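A.B. asks: predicted model follows, preceded by the sequence.
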Amino acid sequence: MAQNETITGISICGAGHSGSTLLGMVLGTAPDAFYVGEGAKIRYLHDEKKPLKKRVCKICGEPCPVWSKFHWDRSRPLYRQVAEHTGASIIVDSTKNPEWIDERTAELRQSGDRSALVLLLRDGRAVINSRLRKYPERDPNQQITDWMAQVDRSEALFEAFEGPKIRIHYEEFASTPDPVVRRICEVAGVGYQSGMLDFSSRPHHPLGGNNGTQFLAAREQAAGDSFVSLPNRTRDYYKDHPAGISLDLRWKQELKPEHAALFDQVAGRFNTALKWGE
C-alpha cells in the first residue's frame with residue numbers, strides 16, 4: 001500500500017452465527033484486501049490475562065506472522081495501521097458491535113478514507129439452532145430475545161449509516177455466491193474476481209470467528225499444525241465438508257420441536273421477512 005493511498009474499511013454487521021466469518025474470508029480474498037476477523041479482539045493482542053483463543057490468530061496461533069508483530073497505537077486510526085502493516089488497501093472486519101463500527105467509521109472519515117457497511121441477515125431459526133448447539137446451558141427464550149435485539153440494533157445502525165451500504169441474506173449468499181459477492185463489491189468499490197469464492201485459496205489470519213469455517217480454510221491450506229480445532233458438536237459436520245461455499249441448513253434437522261414452537265411464539269412474526277425455503 002502506498003503511503004498516501006486511500007483505504008477502504010468494510011464492516012459486516014448483524015447477529016452472530018449468521019455467516020460473517022465466511023463472508024469476511026470471501027471479501028478478504030479480494031486483491032489488496034485483508035480480513036482481520038473480529039477486529040475488536042485486536043484490543044486483546046499480547047494481553048496474557050485474556051484466554052489464548054481470544055488474543056491470537058485463530059489459524060496460526062501465537063506465531064502468526066501478522067498479529068504477533070502488530071501493536072495498536074490508539075492515537076492513530078486502527079484500519080490505517082492494519083493496512084500499513086499488511087500492505088492491504090481494503091480492510092474487512094466482522095465485528096458486529098455497532099459502537100465499534102461507529103468508532104472505526106469515524107476514524108476512516110477523519111483520515112480521508114472510505115467506509116462501507118454490509119448488513120448480513122439469516123433466518124432466525126438457523127441462528128438460534130446454532131446458538132443452542134454452542135450454548136446448550138443457556139435459556140432458549142433469552143437466546144431468542146437476544147437475537148431479536150441484535151437484529152434491531154444492526155438495522156438501526158444500517159439505517160443511520162451514511163455511506164455505501166448493502167443488506168444481504170446469508171441464505172442467498174450461500175446459495176448463489178457469485179452475484180451476491182459481485183453486488184457487495186460494486187457497492188463497496190472493490191474489484192471483483194471470481195477466485196474470491198475460493199476463500200481458502202490464500203492464507204487468512206482471523207481473530208475470533210467461526211471455528212468451522214476457519215478449519216476449512218486451514219485444511220485447504222494444508223495447515224496441519226493450525227491452531228483452530230473443532231469441538232465435538234461440529235466435528236462430524238466439518239471433517240468431511242467440501243471446500244468452498246455451501247448452504248448450511250442443519251437447523252431443519254437439529255432444532256428441537258419445543259424450541260421451534262418457542263421460537264414461533266416469541267419471534268415468529270419478527271422472523272417473517274427472514275424465513276428461508278418456505
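C.D. replies: Everything's here; your move. Fair warning: this is a prediction, and the values are worked out from it, not measured in the lab.
A.B. asks: now do the helices in the stretch 101-250 of the chain.
C.D. replies: In the stretch 101-250 of the chain, the helices defined using DSSP state H, counting those that start in this stretch lie at 124-134, 140-160, 170-175, 177-188, 211-220, 232-239.
A.B. asks: least reliable of the ones you listed going by mean pLDDT?
C.D. replies: Per-stretch mean pLDDT for the helices of the stretch 101-250 of the chain is lowest at helix 232-239 (a mean of 75).
A.B. asks: next, the angle helix 124-134 makes with it.
C.D. replies: If you take axes from the mean of the first three to the mean of the last three Cα atoms, to 10 degrees, helix 232-239 sits at 120 degrees to helix 124-134.
A.B. asks: may I have helix 232-239 exported as CSV, CA atoms only?
C.D. replies: Output in CSV follows, covering the C-alpha atoms of helix 232-239 (Å, rounded to 0.1, in the frame of the first residue of the first chain):
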residue,chain,number,x,y,z
ASN,A,232,-17.3,-32.4,19.3
ARG,A,233,-20.6,-30.7,18.5
THR,A,234,-19.4,-29.8,15.0
ARG,A,235,-16.6,-32.2,14.2
ASP,A,236,-18.7,-34.7,12.2
TYR,A,237,-20.2,-31.9,10.1
TYR,A,238,-16.9,-30.2,9.1
LYS,A,239,-14.4,-33.1,8.9
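A.B. asks: which residues sit against that helix?
C.D. replies: 133-134, 211-212, 215-216, 230, 250 (Cβ atoms under 8 Å, 6 or more residues apart in numbering). In short, each C-beta sits where N, CA and C put it, glycine included.
A.B. asks: give me the buried entries from those residues.
C.D. replies: The neighbour-count test (16 or more other Cβ atoms under 10 Å) marks 133, 211-212, 215-216 as buried among the contacts of helix 232-239.
A.B. asks: how about CSV for those, with distance to residue 28 added?
C.D. replies: Output for those, formatted as CSV (distance: Cβ to Cβ, whole Å):
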residue, distance to residue 28
133, 26
211, 17
212, 17
215, 16
216, 14
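A.B. asks: and of those residues, the nearest to residue 80?
C.D. replies: Using Cβ to Cβ, residue 211 comes nearest to residue 80 of those, at 29.7 Å.
A.B. asks: could you count how many residues lie near the spatially closest residue to the closest one that is not a sequence neighbour?
C.D. replies: What sits nearest to residue 211 in space, not counting adjacent residues and going by Cβ to Cβ, 6 or more residues apart in numbering, is residue 228, at 5.6 Å. When neighbours are counted by other Cβ atoms under 10 Å, residue 228 registers 23.
A.B. asks: correct me if wrong: residue 228 contacts residue 58.
C.D. replies: Yes - contact criterion Cβ atoms under 8 Å: residue 228 and residue 58 qualify, at 5.1 Å.
A.B. asks: show the subsequent helix or strand relative to the helix or strand bottoming out on mean pLDDT in the chain.
C.D. replies: Within the chain, confidence by mean pLDDT, DSSP states H and E is lowest for helix 232-239 among all helices and strands, at a mean of 75. Later in the chain than helix 232-239, the nearest helix or strand by DSSP states H and E is helix 251-254.
A.B. asks: for that following helix, packing partners?
C.D. replies: helix 124-134 (3 or more Cβ pairs under 8 Å, 6 or more residues apart in numbering; DSSP states H and E).
A.B. asks: what residues are up against residue 31?
C.D. replies: Neighbour list for residue 31: 191, 193 [criterion: Cβ under 8 Å, 6+ apart].
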